[in-house]
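Peer 1: sequence and computational prediction follow.
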Amino acid sequence: MRITETFVSLQGEGLRQGMPCMFVRFAGCNLHCAWCDTRYSLNNSQGVETTAEEIMQAVIVSGMRYVCITGGEPLLQKEELVPLVAAIHEAGVFVDIETNGTIPFGEVQEYASVCMDVKCPSSGEMSDLSLLDSLRPEDSVKFVIGDEADYLYMVEVLAAHPDLRAPVCITPVFGTDAKWLIETIIAEKLPVRFQLQLHKVVNIP
Ligand SMILES: C[S@@+](CC[C@H](N)C(=O)[O-])C[C@H]1O[C@@H](n2cnc3c(N)ncnc32)[C@H](O)[C@@H]1O
Ligand SMILES: Nc1nc2[nH]cc(C(=O)O)c2c(=O)[nH]1
Ligand code: SF4
Ligand SMILES: [Mg+2]
């Protein structure tokens, strides 16, 4: 599979924010979000061909009990992703997969927790909302909010999916004003978890 980087850091996003984690970043993406902070991984050619064995070895050497697979869009390389995730899971290491919600992820759910990012208008992209029905309580949903239109879109999506089983994380596009979003979440008593990208706040990878 084509990989841009592996590194060890604190998980800066999502349900396991703050936990020590090894990151595996897949190269190539099918979207081009306006505010994407990972432009260096959007093209498949930016990655280096790497085997599952090489990645497993790096995971074992790191000693981490938790791996986050991100990108780019990891599900674009599903044929190699599924056996990799199965192997990491077999080794007793917890796996999270970050995805943009445009490609079905059923094959990895046996081995990993899926975080589906629902793309909002300011991204210029759109997720496949039918995939929300496949999420379990051990998965999660993320909305990255850039403006009020994004917020209203999120409220609309949540209202249209009352049976959603996964917890919801909300984060502002990094660097944009977060206070109005926090105040609105409190005022409207939304059952969501607000987060800032922790790694950017403390300036680590
Ligand atoms: C770089 S993406 C890779 C995984 C997958 N392509 C996706 O979009 O979920 C990982 C996460 O970073 C988030 N992200 C990227 N740029 C961001 C920014 N400027 N502010 C906040 N979150 C951002 C994405 O929305 C996504 O949830
Ligand atoms: N520390 C840290 N946590 C992260 N969680 C998700 C990330 C990503 O780029 O997908 C990320 C990242 O790039 N760094
Ligand atoms: S889907 Fe993810 S990696 Fe692709 S452009 Fe959007 S944020 Fe970046
Ligand atoms: Mg990142």
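Peer 2: Looks like it came in fine. Worth saying up front: this structure is predicted, and the values here are computed from it rather than measured. Numbers count the residues shown, from 1 in each chain. Ligands and ions are numbered 1, 2, ... in the order given.
Peer 1: can you list the residues of the chain near ligand 1?
Peer 2: Counting by C-beta under 6 Å from any ligand atom, the chain comes close to ligand 1 at 29, 35-38, 70-71, 73, 98-100, 117, 142, 144, 171, 173-174, 197. All C-beta spots, glycine's among them, are computed from the backbone N, C-alpha and C.
Peer 1: strands - which of the residues you listed land there?
Peer 2: Counting by DSSP state E, the residues of the chain next to ligand 1 place 70, 98-99, 117, 142, 144, 171 in strands.
Peer 1: at the geometric centre of this protein, which residue sits there?
Peer 2: Centroid check for the chain by C-alpha atoms, centre = their mean gives E98 as the closest residue, at 2.6 Å.
Peer 1: now the residue nearest to it when sequence neighbours are not counted, which residues is it bridged with?
Peer 2: The spatial neighbour of E98 that comes closest, neighbours along the chain excluded (C-beta to C-beta, 6 or more residues apart in numbering), is T70 at 4.1 Å. Per DSSP bridges, the residues bridged to T70 are R25.
Peer 1: hmm, T70 is touching A27, no?
Peer 2: No. Here T70 lies out of contact with A27, judged by C-beta atoms under 8 Å, at a distance of 11.1 Å.
Peer 1: which of those two has more neighbours?
Peer 2: Between T70 and A27, counted using other C-beta atoms under 10 Å, the more crowded position is A27 (26 against 20).
Peer 1: mind naming the longest strand for this protein?
Peer 2: strand 2-10.
Peer 1: ok, that strand near ligand 2 or not?
Peer 2: Yes. Using C-beta under 6 Å from any ligand atom, strand 2-10 reaches ligand 2 at 9-10.
Peer 1: pLDDT (mean, whole number) over that strand?
Peer 2: Averaged across strand 2-10, the pLDDT comes to 98.
Peer 1: packing partners of that strand?
Peer 2: Packed against strand 2-10 by the contact rule (3 or more C-beta pairs under 8 Å, 6 or more residues apart in numbering; DSSP states H and E) you find strand 20-26, strand 48-49, helix 52-62, helix 198-201.
Peer 1: could these be laid out in a markdown table, adding mean pLDDT, distance to T6 and mean neighbour count?
Peer 2: Putting the helices and strands packed on strand 2-10 into a markdown table (pLDDT from 0 to 100; distance: least, C-beta to C-beta, whole Å; neighbours: other C-beta atoms under 10 Å) gives the following:
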| stretch | mean pLDDT | distance to T6 | mean neighbour count |
| --- | --- | --- | --- |
| strand 20-26 | 98 | 5 | 22 |
| strand 48-49 | 98 | 10 | 10 |
| helix 52-62 | 98 | 5 | 15 |
| helix 198-201 | 98 | 15 | 14 |
